[in-house]
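Asker: Need coordinates for the following:
(one chain, ligands or ions: 2)
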Amino acid sequence: MVLCICFTTHSAYAAEVTPENATKILRERCYRCHGGAAKEAGLDVLSLSNLIEQRGDSSSPSAFVVPGKPDESKLIRVLKGGEESYMPDEGSPEAKEMTQEEKDLLREWVAAGALFPEVKSRRFISETDILKAMRDYLLSIKADDRGNIRFYTFTHLHNNPDVSDLDLRYYRAALSKAINSLTKEREIILPIALPGTDESVYVIDLHRLGWDRRHLWESILGKYPYGLKFDFIRDETQKQLWKDVVQFSGAEVPYLRADWFVLTATQPPLYHQLLDIPETLMELEAELNLNILDNFLEGKVARSGYAKSGVSKQNRLLERHEAPGTPYFWISYDFLPRRAKGDLSRFPLGPQFEHNPFNNQAFDHDGGEVIWSLPNGMQAYMLVDGKGARIDAGPIDVVFDRSAVLGTPKIINGISCIYCHRNGMITDFRDELRQAETLGGAPRDHVLKIYPTDDAMQRVVKQDQELFLRSLEKVVGPFLKVGDDAKKLISEFPEPVGKVAEMYSRDLTARAMALELGVEKVEILQAKIDANRDLLRFGLGTMTQDPPGTLKREKWETQDGTSLMQDVASQLRMGLPYVPARSAGTP
Ligand code: HEC
Ligand code: HEC
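Answerer: Numbers count the residues shown, from 1 in each chain. Ligands and ions are numbered 1, 2, ... in the order given. Reported below is the predicted structural model:
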């Protein structure tokens, strides 16, 4: 054995100039403003292609990074103390925390060629490979059970070297979170990796999830823009495998893209269908064995009212119930601007209803948001209007998402709630009504009864949060707490469904498009496009330019009977579009 005690010229604290250390600095000091959803000045510090892309006109080209030439690299020139000296942005925590050593390291890293950490290349997995794995799996289980087996694929992402291993973890975690947020079963059900697919395909059992009722799978397929059938293709092996998988599972299309599913199933109408969310608050109360108004009259609610909310410009009231059907039930009362009886400090004892003895002190509200616990500890959500009728999205003058993280300020039931309520309950609200001395007598007594002290309220909201986090840990922990992240707290990870939404909404590169079609090499797709007038007519010409253009996800998915993706696949004779019967799945 050779022992090596290595000395370097660096000081004890200076980190080595490695791709890992350089990208770590970029992640910690720049990424918040220049990466992911935020790309100030068009800069994405963790994307090599973005960094080295030529900008400006051809007479004075410039790039954020010119490998080997730190002085010509904008990214280095703008660092504090450098030529232009204004990054990280003045006043940001990053500016305060970034050290001279870190700046030096970035400079040396660019001088050494700006190499990114090597991605261990993943093997290409073909449509035939996954079909074979599915067929083998179906053969390995009891014939009776096969009809409920379905598959979710990440193969198009696994095959794409632009998708990091870390991103793949978020995709898997998001699938698990979506599935477990869409079932009323007691158990937590993890999607199982399909052997032979390098964790790029996952198996679910419709029966275990309670999704084997009312043609739910067909309802899902009814929205699916990527369905292809392989009954009439030339490849005999693939054709036979497809037929077997279809026959054993009994499904017209037995597998779906997982990223599409995560986004679509967590939004109405599928969100409401899969979770069986009723059309009115009253029906929901009946299901959960809860009577909101009785609880109010009996003083069995805990409320907090406050003027400043994270989602509403008006004042807001939160109310918590316990019920036989769920460990907790939270509802908000939200108001339109300038609502006559919308001032909670004067009208804290609403809503108005026939037997409310406090109707003179009762507010009149315009909508509400409801959260309750699913039997497996995850959460279900509902949005209602002022009359308690279920709605799909919140009117933005009542509630809105200022971060517009899903590309819209509208709060959409399901996905928006899942994203913001990443840790279940949000604990940062403080009641202001218990202290207010606006009422006297019996109304005041009732206020004291149903508006508990801050401490008491914080205890319950934290306890409900714990309950959720315990389940979340089991649902996403196995997919996220891997490698360096094994010891991180589950609440410290980004919210996976929102992360997938963000990645999904990015424009398609030519490579991503090829892989979504199951074509391994982008050049092959490009050659086919160039040779096919119809494909050029679809507007795919930009994909063969140098450098290739990109395509909007909406355009790729737009359905006019069939989606653009299906049209392209069918032009290339890669499969026939699956077009759902129009009535399928409509409840
Ligand atoms: C708190 C947010 C924030 C952080 C952190 C931050 N930046 Fe910026 N950066 C901005 C904004 C905003 C702009 C665009 C406005 C401007 O030019 O002042 C910008 C612009 C830039 C530009 C473009 C300059 C140009 O003229 O085109 C570069 C390069 C840049 N930043 C590099 C970095 C690097 C490298 C880091 C990390 C070491 C970093 N930034 C950290 C907010 C930030
Ligand atoms: C933009 C982020 C955001 C979105 C989207 C969002 N919420 Fe919230 N929610 C909050 C914040 C912040 C609070 C804490 C109280 C406040 O600021 O009003 C909260 C509090 C609540 C509460 C009180 C219990 C608690 O956790 O504090 C309920 C109930 C609620 N939201 C329901 C929903 C439902 C249902 C949806 C989806 C239709 C939703 N929320 C979407 C940010 C959001």
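
Asker: who in the stretch 51-200 of the chain is up against ligand 1?
Answerer: 64, 74-75, 78, 87-89, 92, 94 (Cβ under 6 Å from any ligand atom). No exception for glycine: its C-beta is placed from N, CA and C like everyone else's.

Asker: If you rank those by neighbours, which is first?
Answerer: residue 87 (26 neighbours; other Cβ atoms under 10 Å).

Asker: Just to check, that residue is in contact with residue 77?
Answerer: No - look at residue 87 against residue 77 with Cβ atoms under 8 Å: they stay out of range, at 9.2 Å.

Asker: For the residues of the stretch 51-200 of the chain next to ligand 1, could you give me a markdown table that also reports secondary structure, distance to ligand 2 and pLDDT?
Answerer: Shown next, in a markdown table, are these (DSSP: H, G, I helix; E, B strand; the rest coil; distance: Cβ to the nearest ligand atom, whole Å; pLDDT from 0 to 100):
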| residue | secondary structure | distance to ligand 2 | pLDDT |
| --- | --- | --- | --- |
| 64 | coil | 32 | 92 |
| 74 | helix | 34 | 90 |
| 75 | helix | 32 | 93 |
| 78 | coil | 32 | 90 |
| 87 | strand | 29 | 90 |
| 88 | coil | 26 | 90 |
| 89 | coil | 24 | 88 |
| 92 | coil | 22 | 87 |
| 94 | helix | 24 | 89 |
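
Asker: Quick check: of those, which lies closest to residue 281?
Answerer: residue 92 (43.8 Å; Cβ to Cβ).

Asker: Phi, psi for the closest one please.
Answerer: Reported as degrees, to the nearest 10, the phi and psi values for residue 92 are phi -80, psi 150.

Asker: Identify the residue nearest it in space, chain neighbours excluded?
Answerer: residue 33 (7.6 Å; Cβ to Cβ, 6 or more residues apart in numbering).

Asker: contacting residues around the one you found?
Answerer: Residue 33 makes contacts with 40, 88-89, 92, 94, as judged by Cβ atoms under 8 Å, 6 or more residues apart in numbering.

Asker: in what helix or strand does residue 218 lie?
Answerer: helix 216-222 (DSSP states H and E).

Asker: Show me what stretch 43-54 is in contact with.
Answerer: Contacts of stretch 43-54 (Cβ under 8 Å, 6+ apart): 23, 26-27, 30-31, 34-35, 42, 61-67, 75, 114, 116.

Asker: buried subset of these?
Answerer: 23, 26, 30-31, 34-35, 63-67, 75, 114 (16 or more other Cβ atoms under 10 Å).

Asker: for those, which one is nearest ligand 1?
Answerer: Using Cβ to the nearest ligand atom, residue 30 is the member of the buried ones among the contacts of stretch 43-54 that lies nearest ligand 1, at 2.8 Å.

Asker: just checking, that closest one touches residue 95?
Answerer: No - at 10.6 Å, residue 30 does not count as touching residue 95 under the criterion of Cβ under 8 Å.

Asker: Common neighbours of those two, please.
Answerer: 87-88.

Asker: any idea which element the closest residue to residue 270 other than its chain neighbours lies in?
Answerer: Computed as Cβ to Cβ, 6+ apart, the closest residue to residue 270 that is not its neighbour in sequence is residue 264, at 5.9 Å. If you go by DSSP H and E, residue 264 is part of helix 258-265.

Asker: Quick check: which helices or strands does that helix pack against?
Answerer: In terms of contacts (3 or more Cβ pairs under 8 Å, 6 or more residues apart in numbering; DSSP states H and E), helix 258-265 is packed against strand 149-153, helix 165-180, helix 216-222, helix 270-275, helix 496-504.

Asker: Turn the ones you listed into JSON lines, columns for mean neighbour count, distance to residue 558 and mean pLDDT.
Answerer: Shown next, in JSON lines, are these (neighbours: other Cβ atoms under 10 Å; distance: least, Cβ to Cβ, whole Å; pLDDT from 0 to 100):
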{"stretch": "strand 149-153", "mean neighbour count": "23", "distance to residue 558": "22", "mean pLDDT": "98"}
{"stretch": "helix 165-180", "mean neighbour count": "23", "distance to residue 558": "23", "mean pLDDT": "96"}
{"stretch": "helix 216-222", "mean neighbour count": "20", "distance to residue 558": "16", "mean pLDDT": "95"}
{"stretch": "helix 270-275", "mean neighbour count": "21", "distance to residue 558": "19", "mean pLDDT": "97"}
{"stretch": "helix 496-504", "mean neighbour count": "22", "distance to residue 558": "15", "mean pLDDT": "92"}
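
Asker: Now render these as a markdown table, adding distance to residue 15.
Answerer: Converted to a markdown table, these look like this (distance: least, Cβ to Cβ, whole Å):
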| stretch | distance to residue 15 |
| --- | --- |
| strand 149-153 | 39 |
| helix 165-180 | 20 |
| helix 216-222 | 48 |
| helix 270-275 | 46 |
| helix 496-504 | 28 |
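
Asker: Would you mind giving the domain segments of the protein?
Answerer: Per the record, the chain has its domains at 19-111, 127-274, 277-474, 510-577, by automatic domain parsing.

Asker: between those domains, which gets the lowest average pLDDT?
Answerer: Note on the domains of the chain: domain 19-111 shows the lowest mean pLDDT, a mean of 85.

Asker: end to end, how far does that domain reach?
Answerer: Counting by Cα to Cα, to the nearest Å, you get 12 Å between the two ends of domain 19-111.

Asker: Residue in the stretch 201-350 of the chain with the shortest distance to ligand 2?
Answerer: For the stretch 201-350 of the chain, Cβ to the nearest ligand atom, closest residue to ligand 2: residue 310, 2.7 Å.

Asker: Which residues are in contact with that residue?
Answerer: 426, 428.

Asker: Quickly find the element holding it.
Answerer: Using DSSP H and E, residue 310 falls outside every helix and strand.

Asker: can you map out the strands along the stretch 401-550 of the chain?
Answerer: Assigned by DSSP state E, counting those that start in this stretch, the strands in the stretch 401-550 of the chain fall at 411-412.

Asker: hey, where'd the helices end up in it?
Answerer: With DSSP state H, counting those that start in this stretch, the ranges of helices along the stretch 401-550 of the chain come out as 415-420, 441-450, 454-480, 496-504, 510-516, 522-530, 533-537.
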